[in-house]
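**Q** Sequence first, predicted model second:
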Amino acid sequence: MALHPLVKRVLLTEEQIKTRVAELAKEVTEHYKKNNIKDKDIVVVGILKGCVPFYAEFFMNFKQDVVMDFMVISSYLGGLKSNKQPKINLDLNSDIKNKHVLIVEDIVDTGHTLSFLKDYLKSRKAASVNVVTLVDKPGGRKIEFEANFIGFSIENEFVIGYGLDYDEKLRNLPYIAIMDTDKLKTWEW
Ligand code: PRP
Ligand code: MN
Ligand code: MG
């Protein structure tokens, strides 16, 4: 398959992602079973829009009958830099009081989005708030934050694909890749 011209280097192939997501789903299930947490008390919250491909794959592998919910949060507002103050564009549908919330994210970069979200969901009286992220970029941190379950740890580069966008584009690449930011300067969409 031909790679997108704005790809500098593929970090994670579709196959690698699929395999790891199945493992992650198992790890998370074991965590809830071990702590005697029932399916009916678990709410799996996807953070739109980047989470979509990962959420779908994770949810189908996560063999527990749990509530599905979503929030729309944006921190990038288009460009290459993350914003300090994430914005809630759409809030949860379900009441999470005394529920065990699992946040599903595509990436943890500066840490601003997740640290804000975790506090926010705790303030709504969730019994527990855990984070599963497909990729973690520890080199991008601006504030301390650690996800509970991590698919892959990657280098500090701007990545695209499998839900991750550049200016709302390139989310549909089936792999995760480093973007060629030099080529971008002369690129016509
Ligand atoms: C991206 C990504 C995470 C967040 C991580 O979302 O999907 O939600 O940024 O970055 P941080 O750790 O620096 O806060 P974005 O705001 O781009 O919205 P999107 O999911 O709609 O692309
Ligand atoms: Mn996002
Ligand atoms: Mg984005």
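**A** Ah, there it is. Ligands and ions are numbered 1, 2, ... in the order given.
**Q** give the contact list for the nearest residue to V7 once chain neighbours are set aside.
**A** Using Cβ to Cβ, 6 or more residues apart in numbering and skipping the chain neighbours, the partner closest in space to V7 is A177 (4.3 Å). Using the backbone N, CA and C atoms, a C-beta is placed for each residue, glycine as well. By Cβ atoms under 8 Å, 6 or more residues apart in numbering, A177 lies in contact with L3, H4, V7, K8, R9, V10, L11, V159, I160, G161.
**Q** list the helices and strands the helix or strand the fifth one falls within packs on?
**A** Think R9. Element membership of R9 [criterion: DSSP states H and E] is strand 7-12. Packing contacts for strand 7-12, counted by 3 or more Cβ pairs under 8 Å, 6 or more residues apart in numbering; DSSP states H and E, involve strand 176-179.
**Q** For the longest helix along the chain, buried residues please.
**A** Longest helix of the chain, by residue count under DSSP state H: helix 14-34. Buried residues in helix 14-34, counted by 16 or more other Cβ atoms under 10 Å: E14, I17, R20, V21, L24, A25, V28, T29, H31, Y32.
**Q** ranges for the helices of the protein?
**A** Remark: helices assigned in the chain by DSSP H are 14-34, 52-61, 112-123, 181-184.
**Q** could those go into a markdown table alongside distance to ligand 3?
**A** Formatted as a markdown table, these follow (distance: least, Cβ to the ion, whole Å):
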| stretch | distance to ligand 3 |
| --- | --- |
| helix 14-34 | 18 |
| helix 52-61 | 11 |
| helix 112-123 | 10 |
| helix 181-184 | 15 |
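**Q** I'm done for today, thanks for sticking with me.
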